[in-house]
Structures are given as structure tokens and as C-alpha cells.
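In: Got a sequence here, can you model it:
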Amino acid sequence: MDIVLFIVIGCAAGWLAGKIMKGSGFGLLGDLIVGVIGAFIGGWLFNTLGVSIRGGIVGSLITALVGAIVLLYVLRLVRR
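Out: A predicted model of the protein is given here:
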């Protein structure tokens with residue numbers, strides 16, 4: 001059940017990140033994949049910085065959203 005929740009939160013974060021980071025997107029499916037990968041990146045980034053976000057699903061969504069925004073930013077830099 002945890003993996004399903006992780007994928008759902010990652011998909012929501014990817015969709016939100018796609019809306020926040022306007023411009024030429026990767027499409028709905030691409031942004032959703034970026035969200036799932038961004039969830040890993042957000043968790044690693046916050047862990048590395050020593051930041052602990054509590055709050056259950058909302059905290060997980062914030063972590064995944066930050067990771068997805070960072071990933072979208074880097075991908076769009078590379079795509080130029």
C-alpha cells in the first residue's frame with residue numbers, strides 16, 4: 001500500500017510542478033513521471049539538508065513537489 005501512496009503523491013506533485021513551472025512542459029505523462037522521480041529527489045535533498053517535514057501526506061506532497069520542481073528546472077536547463 002505504501003508504494004501506491006508514493007506513486008499517487010508523486011503524480012500529484014508532478015502535475016502541480018508542471019503547473020507551477022510554466023513553459024514548454026513534458027506533457028501530462030512526462031510531468032507525472034517527473035513527479036515520481038522528484039519524490040525521490042525531494043526526499044534525498046531534504047535528508048541531505050537535515051530538514052524534516054512532518055505532516056503525513058501533506059508533508060510528503062510538499063517534499064515531492066520541491067523535488068519535482070528542482071528536477072523540472074534542471075531538465076529544462078539541459079533541454080535548452
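
In: okay, and for this structure, where does confidence drop off?
Out: Judged by pLDDT under 70, the chain has its weakly predicted residues at 1, 23-25.

In: Tell me which residue lies nearest the centroid of it.
Out: Centrality entry for the chain: nearest residue to the mean C-alpha point is residue 68, 2.7 Å, by CA atoms, centre = their mean.

In: which stretch of helix or strand covers that residue?
Out: The secondary structure element spanning residue 68 is helix 57-79 (assigned by DSSP states H and E).

In: Just confirm the residue nearest to the centre of the chain contacts residue 35, I think it does.
Out: Yes. Judged on CB atoms under 8 Å, residue 68 makes contact with residue 35 at a distance of 4.6 Å. Glycine gets a C-beta too; all of them are placed from N, C-alpha and C.

In: thinking again about what came up before, please report the distance of the residue nearest to the centre of the chain from residue 52.
Out: Noted for residue 68: a distance of 19 Å to residue 52, by CB to CB, to the nearest Å.

In: what sits against the residue nearest to residue 18 when sequence neighbours are not counted?
Out: For residue 18, the nearest residue in space outside its immediate sequence neighbours is residue 31; the separation is 3.6 Å by CB to CB, 6 or more residues apart in numbering. Residues near residue 31 by CB atoms under 8 Å, 6 or more residues apart in numbering: 14-15, 17-18, 25, 68, 72.
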